[in-house]
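Asker: Fold the stuff below for me.
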Amino acid sequence: MTCTKLVCCRMKKILIITYYWPPSSGPGVQRWLKFVKYLGQFNWHPVILTVKNGYYSNTDASLFDNIPEGIQVYKARSIEPFQVYDLLRGGRRKSKQIGMGDIKDHHSFLVRAANYIRANWFIPDARKGWKIMAIPKASKIIKEENVDAIVTTGPPHSTHLIGLYLKRKYKIPWLADLRDPWTTIYYNEFLHRTASSKARDFKLESEVLSTADHITVVSHSLEKEFRDRSRKISVVSNGYDPDDFPNLVIQPNANFYLSYIGNFKYNQNIETLWRSISELKKNHDEFSRFKIRFIGNINTQILKAIDKWELLEMTEKIPYVSHEKAIRFMMSSDLLLLPIPQAKSAKSLITGKIFEYIASGSAILAIGPTDGDAAAILKICNKHQMLDYEDYESIKSRIKSQYFQWLKTGTSIKTRSKAQEKFSRVALTEHMSQILNQITVPGA
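Answerer: Predicted coordinates for the structure are as follows:
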C-alpha cells in the first residue's frame, strides 16, 4: 500500500519503559523483547529504558541476540530494597527465591517481619525505588528522541507510576501494559497488608487504569477485572516466536520424560498428580522408564511432595538454562507439565510458557480450572483439554495413555495446528502496533 502523505510513512518512536530486560530472563522479558524485535515491521522504532542495576531471579545473556540492530537502550540506576528483603527471606544475590513464589513457606519472625515491611512500606512493590532515577532519565529521552508514545509494562507495577508522572507532565500518549494482576495478584493473599495499604495500592492501580490512553492485558479475565476503570482496554496475549522453533530432528528418548520447564512454585503443587504417578509406578512394571524432569528452580514443597509419594528416584533436576536450551527441552519432551497456580485468580492465569509449550508440538498435561483462560487457549489450539486439580482418574488415564503409546511406538507424536498462529509474536506485534497507531492519532 502506497502512502499518499509523507507523515504516514514516518517511522514513529516509542519509549518502552521496562524493568525486565536482558540479561534478565523469563516471560516478563520475553513479551516486550519480542515486540521490539518485530515493531519495526509495523512502522514503529523502539527506544528502551531499563534498570542499570537490576535484581533478577535468573539471567540469560543469549537473549541479547533478539535485540535488533540500531535499538538504543538507556539505563537508570535503582534503589533496590528488594535485595534486603530477599536476604531476610534467605535468598542471596543471583541465586535466590522464585520471586514471590515461595512467600508462604517461611514462618520465622525475621521473615514475617520482612514480609510485613514488603506489604505495607513498599507499595505497590519493592521495585518502586527505580522511579526516582527513571523519571529524569525518561524525561531527557522524551526531549532528545522526539518520542511519539510511551509504554510501561509491569510487573513490577511501580513501573506504571513512571508512566503516570510522564503522562501528566508531557501529555504524551501512554499505553500501560499489565502482564499480571495488580492488587489481586495471588501472593497478596499471604501478605499481611493493612486496610490502609490495600486502599493506597488500589488508588494507585485506579489512577493508572483511568489515566493511561490505553491498557493492554494478557487475558480476558484481566480485561473484565479492569474494564470499569479504564478509558480503553484490549487483550494482547503472550505468545511464541516462530524463529525460536527451528525444524530440528528430535531423537527419540531412551526414557519417557514428563517435563516442567521454568520456576515451579509452591502453589503449583498438585498432590493428585504425584499420587497418580505413584499408583502407575506400583501397578505397572513397564513404568520403570517413566521419568519426571524439572528444568529450572523448584520450590522445596514440591520436592517434599515427590518424596512423600516415593518418586525421587525417578526425578531428574536440571538447573535453570538459557531460553534456547529451554525450547529444546520442550521439543524433546514426551509430555509437558502445565500446572496452573492454585489461587483465587486461577481462572485468569495464563502462564507465559503455555504458548511455547503449544508451539513445541509436544503433548501437554495441563491441570487447572477447566473453565479458565488457559483452558480456552488449549482448546483453540486443538491440544488436550485442561484437567481439574482433583480429577485423579483423568490425570492418571492421560499419563498412562501417553506413556504406553510411547512404549509401543518408541516415539512421541508431535502435533501443531494452524490455529496456533494467531499467538505468534509477529501477529501479536501487529495487533499492538494498531493500538499504538490509534492512541497517537491527533483527536482520537
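Asker: And the strands in the protein, which stretches?
Answerer: Using DSSP state E, the strands of the chain run over 12-18, 44-51, 72-76, 149-154, 174-178, 214-217, 233-235, 256-261, 290-295, 315-318, 335-339, 363-367.
Asker: Save the ones you listed as JSON lines, and put in mean neighbour count and mean pLDDT too.
Answerer: Heads up, the C-betas are built off the backbone N, CA and C, glycines and all. Below are the strands of the chain laid out as JSON lines (neighbours: other CB atoms under 10 Å; pLDDT from 0 to 100):
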{"stretch": "strand 12-18", "mean neighbour count": "23", "mean pLDDT": "98"}
{"stretch": "strand 44-51", "mean neighbour count": "22", "mean pLDDT": "98"}
{"stretch": "strand 72-76", "mean neighbour count": "17", "mean pLDDT": "97"}
{"stretch": "strand 149-154", "mean neighbour count": "25", "mean pLDDT": "98"}
{"stretch": "strand 174-178", "mean neighbour count": "26", "mean pLDDT": "98"}
{"stretch": "strand 214-217", "mean neighbour count": "24", "mean pLDDT": "98"}
{"stretch": "strand 233-235", "mean neighbour count": "17", "mean pLDDT": "97"}
{"stretch": "strand 256-261", "mean neighbour count": "23", "mean pLDDT": "97"}
{"stretch": "strand 290-295", "mean neighbour count": "21", "mean pLDDT": "98"}
{"stretch": "strand 315-318", "mean neighbour count": "14", "mean pLDDT": "97"}
{"stretch": "strand 335-339", "mean neighbour count": "22", "mean pLDDT": "98"}
{"stretch": "strand 363-367", "mean neighbour count": "23", "mean pLDDT": "98"}
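Asker: So for residue 388, which of these sits nearest?
Answerer: Comparison of the strands of the chain against residue 388 by CB to CB identifies strand 363-367 as nearest, at 7.5 Å.
Asker: Between strand 256-261 and that closest one, find me the angle.
Answerer: With axes from the mean of the first three to the mean of the last three CA atoms, to 10 degrees as the basis, strand 363-367 and strand 256-261 are set at 60 degrees to each other.
Asker: what is the orientation angle of strand 363-367 with strand 335-339?
Answerer: 20 degrees.
Asker: List the buried residues of stretch 180-200.
Answerer: 180-188, 190-191, 193, 197-198 (16 or more other CB atoms under 10 Å).
Asker: and the strands of the chain as TSV, adding distance to residue 276?
Answerer: TSV is the format used below for the strands of the chain (distance: least, CB to CB, whole Å):
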stretch	distance to residue 276
strand 12-18	40
strand 44-51	43
strand 72-76	47
strand 149-154	37
strand 174-178	35
strand 214-217	34
strand 233-235	34
strand 256-261	11
strand 290-295	11
strand 315-318	15
strand 335-339	12
strand 363-367	10
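Asker: Quick check: which of those is nearest to residue 430?
Answerer: strand 44-51 (10.7 Å).
Asker: Just checking: what are the partner strands of the closest one?
Answerer: strand 12-18 (parallel), strand 72-76 (parallel) (DSSP bridges).
Asker: okay, those in TSV with distance to residue 158 next?
Answerer: What follows is those, written out as TSV (distance: least, CB to CB, whole Å):
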stretch	distance to residue 158
strand 12-18	11
strand 72-76	13
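Asker: Out of these, the one nearest residue 65 is which?
Answerer: strand 72-76 (13.9 Å).
Asker: Residues contacting the closest one, please?
Answerer: 21, 47-52, 67, 130, 133-134, 136-138, 141, 145 (CB atoms under 8 Å, 6 or more residues apart in numbering).
Asker: if you set the cut-off to 6 Å instead, what comes out?
Answerer: 47, 48, 49, 50, 52, 133, 134, 137, 141 (CB atoms under 6 Å, 6 or more residues apart in numbering).
Asker: which of the residues you listed sit farthest apart?
Answerer: Farthest pair in these, by CB to CB: 47 and 133, 17.1 Å.
Asker: Could you list the low-pLDDT ranges of the stretch 251-400 of the chain?
Answerer: Within the stretch 251-400 of the chain, no stretch has pLDDT under 70.
Asker: As a check, name the ranges of all helices in it.
Answerer: Taking DSSP state H, counting those that start in this stretch, the helices of the stretch 251-400 of the chain run over residues 271-283, 300-308, 323-332, 353-360, 373-380, 392-409.
Asker: Point out the other helices and strands that the third one packs with.
Answerer: Right, the one you point to is helix 323-332. Here helix 323-332 touches strand 256-261, going by 3 or more CB pairs under 6 Å, 6 or more residues apart in numbering; DSSP states H and E.
Asker: ok, back up a step: mind checking which of the strands paired with strand 44-51 is nearest residue 329?
Answerer: strand 12-18 (26.3 Å).
Asker: how about that closest one as PDB, C-alpha atoms only?
Answerer: These are the backbone C-alpha positions of strand 12-18, laid out as PDB (Å, rounded to 0.1, in the frame of the first residue of the first chain):
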ATOM      1  CA  LYS A  12       7.300   6.700  14.800                       C
ATOM      2  CA  LYS A  13       9.300   6.400  18.000                       C
ATOM      3  CA  ILE A  14       8.100   4.600  21.100                       C
ATOM      4  CA  LEU A  15       9.700   4.700  24.500                       C
ATOM      5  CA  ILE A  16       9.400   1.400  26.200                       C
ATOM      6  CA  ILE A  17      10.000   1.500  30.000                       C
ATOM      7  CA  THR A  18      10.600  -1.900  31.400                       C
END
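Asker: ok, residue 417 - how many residues close by?
Answerer: Neighbours of residue 417 under the rule other CB atoms under 10 Å: 12.
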